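**Q** I'll drop the sequence and a predicted model, then ask my questions.
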Amino acid sequence: MERPAAPYDPAEHDPAETRLTITSPEQMRELGRRLAKLLRAGDLVMLSGELGAGKTTLTRGLGEGLGVRGAVTSPTFVIARVHPSLGDGPPLVHVDAYRLGGGLDEMEDLDLDVSLPDSVIVVEWGEGKVEELTEDRLQVVIHRAVGDTTDEVRHLTLTGLGERWADAGLETLTA
Ligand SMILES: Nc1ncnc2c1ncn2[C@@H]1O[C@H](COP(=O)(O)OP(=O)(O)OP(=O)(O)O)[C@@H](O)[C@H]1O
Ligand SMILES: [Mg+2]
C-alpha cells in the first residue's frame, strides 16, 4: 500500500526567494509580462514599495502578459478594478488596498462580480490586509535607491510563500 504524501508543512520549507535588479520602467513592464506566464487562477501577488516604486508599472506588464482587457492604471478612485481576459485565461483583479481600512471583509463587500479563486489578484499596499485570502502568495518588494529620485534602478525581492511557489520557476526570471 502506498503511503499518502505528507501534507505540505510551510515550517519545513524555506520560501522560494529570487532577487532581481531592474534598470528602467520598460524593463519593469517586461518583467511583469514574464512573471505573468508563471501565474494562474487563484494566485495572489502582493506588491510592496514606497510611492512611485513601480508597483503599478509591474502590474501593467502583468496585465499585458495575461492578455487582459483594458490598460492597467493606478486605481486612484476605485479600490479594485477587474480586467477580464481577452482569451480563456483568468481575469486580473488589481487592488489598491491603500484606502482599504478594514481588510478582507471590505474587499468581499466590493461586489467585484468576479470569483476570486478564478482570478489572478494583484494587490498594492496589501500588507496586513489580504494575507488571509490564501496561505500561498507571492510577495514582491520593490526597493528604490535611496536619495537619488531620478534613478531608475529598482531592487526586487520576490518571495513565494507556500506549496504553490515551492517549484514554480521564480528563479527563471533572473535569466
Ligand atoms: N525601474 C523602474 N521601474 C518602474 N518604474 C520606474 C522605474 N524607473 C522609473 N520609474 C518611474 O517611476 C514611476 C513608478 O510609478 P508607479 O505608478 O508604477 O509606482 P507605484 O509603486 O504603483 O506607486 P503608488 O504607490 O503611488 O501606487 C513611473 O513614473 C515610472 O516611469
Ligand atoms: Mg500604484
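**A** Received the coordinates, thanks. Residues are numbered from 1 along each chain as shown. Ligands and ions are numbered 1, 2, ... in the order given.

**Q** Helices along the protein, start to end?
**A** With DSSP state H as the criterion, the chain has helices at 25-36, 55-66, 104-108, 163-166.

**Q** hmm, which helix or strand of the protein has the shakiest average pLDDT?
**A** Here the helix or strand of the chain ranked lowest by mean pLDDT, DSSP states H and E is helix 104-108, holding a mean of 66.

**Q** Contacts only, for the residue most central in space within the chain.
**A** Nearest to the mean C-alpha position of the chain, counting by CA atoms, centre = their mean, stands V45 at 2.3 Å. V45 sits next to L39, L62, V120, I121, V122, V123, R137, L138, V140 when contact means CB atoms under 8 Å, 6 or more residues apart in numbering. Yep, even glycine has a C-beta here, placed from its N, CA and C like the rest.

**Q** Roughly how far does it sit from ligand 2?
**A** V45 sits 13 Å away from ligand 2, going by CB to the ion, to the nearest Å.

**Q** Q139 too?
**A** Applying CB to the ion to Q139 and ligand 2 gives a distance of 16 Å.

**Q** so that residue bridges to which residues?
**A** Beta bridges link Q139 to M46, T159 when assigned by DSSP bridges.

**Q** give me the number of residues near the residue of the chain found nearest ligand 2?
**A** Ligand 2 sits closest to T56 of the chain, with a gap of 3.3 Å, by CB to the ion. T56 has 18 neighbours, counted by other CB atoms under 10 Å.

**Q** Might you enumerate the residues of the protein proximal to ligand 2?
**A** Within reach of ligand 2 by CB under 5 Å from the ion, the chain has these residues: K55, T56, S74, E124.

**Q** Lowest-confidence one in those?
**A** By pLDDT, S74 ranks lowest within those, coming in at 83.

**Q** The residue of the chain found nearest ligand 1: what's it in contact with?
**A** Closest approach between the chain and ligand 1, counting by CB to the nearest ligand atom: G54, at 2.7 Å. Residues near G54 by CB under 8 Å, 6+ apart: I22, P25, M28, I142, R144, R154.

**Q** Fine by me, thanks again.
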